[in-house]
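Peer 1: here is my input, please return the structure:
(chains A, B, C and D)
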Number of protein chains: 2
Amino acid sequence: MDLRHLRYFIAVAEEGNLGRAALRLHISQPPLTRQIQQLEDELGVCLFRRTPKGMELTQAGELFLEEARNIRAVVEQATERTQRAGQGKLGRLDVAIFGSAILDAIPKLLLSFRNTHPEVKVVLHTMTKAEQLDALRQRRITVGFNRMLGPMAEIGTELVTTESLLLAVHERDPLSALPAIPFRALADNPVVLFPTGARPNFVDKVMALCHERGFEPLVSQEVGDAVTGVALVASGFGVCLVPESATTLQIPGVLYRPFVDAPSQAFVDLSCVFRVDDQSPILRAFLDTVRAFRERQSARP
Amino acid sequence: MDLRHLRYFIAVAEEGNLGRAALRLHISQPPLTRQIQQLEDELGVCLFRRTPKGMELTQAGELFLEEARNIRAVVEQATERTQRAGQGKLGRLDVAIFGSAILDAIPKLLLSFRNTHPEVKVVLHTMTKAEQLDALRQRRITVGFNRMLGPMAEIGTELVTTESLLLAVHERDPLSALPAIPFRALADNPVVLFPTGARPNFVDKVMALCHERGFEPLVSQEVGDAVTGVALVASGFGVCLVPESATTLQIPGVLYRPFVDAPSQAFVDLSCVFRVDDQSPILRAFLDTVRAFRERQSARP
DNA sequence: CCCGCTTGATACCTCCAGAGTATCGAAAGA
DNA sequence: TCTTTCGATACTCTGGAGGTATCAAGCGGG
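Peer 2: Next up is the predicted model:
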């Protein structure tokens, strides 16, 4: 049996007459006769009463008509859903994020994607950078977010946003009296650094900036993420270099200050990572959203 | 799109490899390649990732796999149900009965049919003989039950059972003292006759039997059906000729007696009627049940 | 009562699409 | 580097879907 048989059968049942059905199907009457006979033979069931007035459905035929219409509807729905999936409008997107990155850009980005692709289920996974790359290779995630990403084989990156560095200081720290901090202040004040873990990371960035200026920072503590770092600042562990978005964290006692001498490399990027060979339409749609987001950001800084 | 495409697609998805899928489908690999390409072109969606290891489903492909399996199941179920309908095992049978015939044979018959064809919904309609014939012609019913049926154009009959005539008498009627009644007694006792309505009927039968013996029955009342007739006997209206099955009506004060001289034509038949041109498998199955029932009846009288 | 119209069925032909054979190119493993 | 395994392509062939012509049966009108 074939979908053609069903199409023909429905036409004959609805027209009640081979000639008119053939007309509607844009074929001639004899092949239609044969296709209906073939269908009946294959089912082993008589579907029509042949009368001089036309074709009348038998009881079995009436039942089969319902079934045939149902099959047709199911097939149509299946193709429609598959096409939406093929356009990246239906499905699932597994996204990896790192501990404290959910501060500013990522929620906005995910919200924007959700608005344009309401039928895509976005699943979030918290992972370190190394775990993200592993998960990408195993296809457990489709896209990851991270900072300080170097070029990697098989992995593509797309910049989300670039943030300048700020210094988190305690309100009772004398530095907080200054509206902007000179970078060298890091040589004399204990600094909380993050994250520990896979290199290259934010710590390297800060160390490089200091070495560039010919001094060694006074490291008081290394922690896992920005939230912990700012918490330690609140407890008097010293100061902490954080990306702009960390200012979302309003912790009592902590103030954020820019650098007065704004070093040219005192910026940190947030990018997303994905397999370069991944042609998934959902990923493509997501990357489009990322690009649109970045353009909107740079348009009104 | 074609059911063949779905079959091929499912095979490739399950084997993960064109070669093995082709083997399983008993075709060679190149046509399979083309059919899958065709399916993808038609949907406008990429369903597989081609890798050197084989064919991996994309996300859209996975969704379509579920849909395809579902379609296959729906089609299978449709053919299966249609085939059962074609064998008369699934569907609906509209049956006409007359007022008081539901006494003995018909309930047993319907019960027996219900046991062998549990998925056929039997719908009962109460109709007079003339209404039954009309309804048959308009296909509002498939089979009817009645007595005293002559040959009719386009209508076939199948004998259900033949019952001998009994006389219903009141227990205070002197006739009730006799274990069997002489037929001539009808000449001297008031008789309740039924039914009124379309000829030929049971009344004609009784009149003919009397005339055959050269007397005219003393008619006290004509009524519509056996139940009313027996009720009148209970009220002292006289005697009433009834078919054997009426003895199921156990009304206080009414006794049933056979005729002592059992006239050879003192039998009345119950038949079913149907369109001779009706090839419906449910009707055929029902008529088979009727024949089997009659044979069982005549085997142990 | 016959003729014409409508209905589905049959015979025969044509041609396309699905299936087969041979072969290629790419990637992974020995 | 060579071999194996995978999918893709080019070419050919054949079965079956579709077309034309025609038939047989039943109904309605003259």
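Peer 1: contacts, neighbours, all on C-alpha from now
Peer 2: Fine.
Peer 1: which residues does stretch A:24-31 contact?
Peer 2: If you take CA atoms under 8 Å, 6 or more residues apart in numbering or on different chains as the criterion, stretch A:24-31 is touched by A:Tyr8, A:Ala11, A:Leu18, A:Gly19, A:Ala22, A:Leu23.
Peer 1: drop anything exposed from these.
Peer 2: A:Tyr8, A:Ala11, A:Leu18, A:Gly19, A:Ala22 (16 or more other CA atoms under 10 Å in any protein chain shown).
Peer 1: and whichever strand or helix holds the last one, anywhere near DNA strand C?
Peer 2: When you say that, I think you mean A:Ala22. Following DSSP states H and E, the helix or strand that holds A:Ala22 is helix A:18-25. Yes: using CA under 7 Å from any atom of the strand, helix A:18-25 comes into contact with DNA strand C via A:Leu18, A:Gly19.
Peer 1: and the next element down the chain from that helix?
Peer 2: Proceeding N to C from helix A:18-25, the next assigned helix or strand is helix A:29-43, under DSSP H and E.
Peer 1: what comes into contact with the helix or strand following that next one?
Peer 2: Later in the chain than helix A:29-43, the nearest helix or strand by DSSP H and E is strand A:48-51. Outside strand A:48-51, the residues within contact range by CA under 8 Å, 6+ apart are A:Met55, A:Glu56, A:Leu57, A:Thr58, A:Gly61.
Peer 1: if you rank the residues you listed by neighbours, which is first?
Peer 2: Most neighbours among the contacts of strand A:48-51, by other CA atoms under 10 Å in any protein chain shown: A:Gly61, with 23 neighbours.
Peer 1: so it, which state does it fall into?
Peer 2: Three-state call for A:Gly61 (DSSP: H, G, I helix; E, B strand; the rest coil): helix.
Peer 1: setting aside sequence neighbours, what's the nearest residue to it?
Peer 2: Closest residue to A:Gly61 apart from its sequence neighbours, by CA to CA, 6 or more residues apart in numbering or on different chains: A:Leu47 at 4.1 Å.
Peer 1: tell me the pLDDT of that neighbour.
Peer 2: Looking at A:Leu47, its pLDDT reads 96.
Peer 1: that one against A:Leu57, yeah?
Peer 2: Yes: using CA atoms under 8 Å, A:Leu47 is in contact with A:Leu57, at 5.9 Å.
Peer 1: from B:Glu42, how far off is the closest residue to DNA strand C within the stretch 51-200 of chain A?
Peer 2: Residue nearest to DNA strand C within the stretch 51-200 of chain A: A:Gly54 (3.5 Å; CA to the nearest atom of the strand). Using CA to CA, to the nearest Å, A:Gly54 is found at 35 Å from B:Glu42.
Peer 1: between those two, tell me which one has more neighbours.
Peer 2: A:Gly54 (15 against 11).
Peer 1: dump the buried ones among the contacts of stretch A:24-31 to TSV, plus pLDDT.
Peer 2: Formatted as TSV, these follow (pLDDT from 0 to 100):
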residue	pLDDT
A:Tyr8	96
A:Ala11	94
A:Leu18	94
A:Gly19	92
A:Ala22	94
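Peer 1: which two in the residues you listed are spaced the farthest apart?
Peer 2: With CA to CA as the measure, no two of these lie farther apart than A:Tyr8 and A:Gly19, at 11.8 Å.
Peer 1: residues that sit against both of these two, list them.
Peer 2: Residues touching both A:Tyr8 and A:Gly19 (CA under 8 Å, 6+ apart): none.
Peer 1: what about the residue nearest to A:Gly61, how many residues close to it?
Peer 2: 27.
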